[in-house]
Each structure stands twice: as C-alpha cells, then as structure tokens.
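**Q** Sequence and computational prediction follow.
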Amino acid sequence: MNPHIELIDRYFEAWNELDAAHRRELIASTWAADASYADPLLSGNGHDGIDAMIGAVHERFPRHTFRRTTDVDGFGNRLRFSWELRTPDGDAIVKGSDFGVVDASGRLAAVTGFLDAAPGMA
C-alpha cells in the first residue's frame, strides 16, 4: 500500500475545507511548518501562506471542489498525482498534476503544481 495516499487525501480535504479553523488544522497535519506551494497562478509559504492561498481560491471559485483523479505515484520522499477542480454542478473546469516532496515526519515539504487543462489554454 502506498504510504502517501492518506497524506494526499488530507491535502485535498484541506483544499476543500470551508471552515477556516478546521482548514488550519488540516494544513498543520499535512504540511511542514516551512512548506511551500507553487503553481503558475499561486504560491504560498508556511502554514499562513498556504492557508491564505487556499482561502483565495475559495473566494474566486465558491463551492467548487478539488478531486484527485489518479493514484498517488512515487518513490522515496517524492510523489505525483493529478486532480481536477469541479464546479458545484460537477463539471471539471481545470485539471492539473502536482509533484510533492515529503519530509522526514511524513508531511509535505513542497508541492509544485502544473495546469494540464484550463479555460483559455490551447
């Protein structure tokens, strides 16, 4: 069994959590204190930066949800997986792939995201 599946499922739970206090708990249990996230549109550093970034996504895409679309693949402390952002009606409007590094405590140290499909992409 892949040891990173639970971690990445919690990662998506944090992305989808609307309650700010519960989202902070999920971030603390999923991300290292000095973790970083970067994709072509967003970036965040540390728990505060990651929380602010997720909050901004909720403001821009209300009631949208992220869903993992592939297995979590990896070796050692490196992993990758793909996802989609779904509208409240269930339509996938953005698709991407993330690559992560897990620290010695089993939390995410860094995630780099790539957009595979988005409105306006050729």
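**A** Okay, I see it.
**Q** Wait, Ala32 touches Gly106, no?
**A** No. In this structure, Ala32 is not within contact of Gly106 by C-beta atoms under 8 Å, at 9.5 Å. Quick note: C-beta positions are derived from backbone N, CA and C, even for glycine.
**Q** so how far is Arg78 from Thr112?
**A** Distance, Thr112 to Arg78, by C-beta to C-beta, to the nearest Å: 11 Å.
**Q** could you point out which element follows the lengthiest helix in the chain?
**A** Ranked by residue count, the top helix of the chain under DSSP state H comes out as helix 46-60. Scanning forward in sequence from helix 46-60 by DSSP states H and E, the next helix or strand is strand 65-68.
**Q** Comparing Thr112 and Arg78, which shows the higher neighbour count?
**A** For Thr112 and Arg78, the more surrounded residue by other C-beta atoms under 10 Å is Thr112, and the numbers stand at 15 against 12.
**Q** these two touch, right, the more buried one and Ser43?
**A** No. In this structure Thr112 lies outside contact range of Ser43 using C-beta under 8 Å: 9.9 Å.
**Q** The worst-scoring helix or strand of the chain on mean pLDDT pairs with which strands?
**A** The helix or strand of the chain with the poorest confidence is strand 73-75; it has a mean of 92 (mean pLDDT, DSSP states H and E). In the sheet, strand 73-75 lines up against strand 78-86 (antiparallel) (DSSP bridges).
**Q** what mean pLDDT would you report for the partner strand?
**A** Here strand 78-86 scores 97 as its mean pLDDT.
**Q** buried sites along it?
**A** 79-86 (16 or more other C-beta atoms under 10 Å).
**Q** Please apply the same query to stretch 98-109.
**A** For stretch 98-109, burial by neighbour count (16+ other C-beta under 10 Å) applies to 98, 100-102, 107-109.
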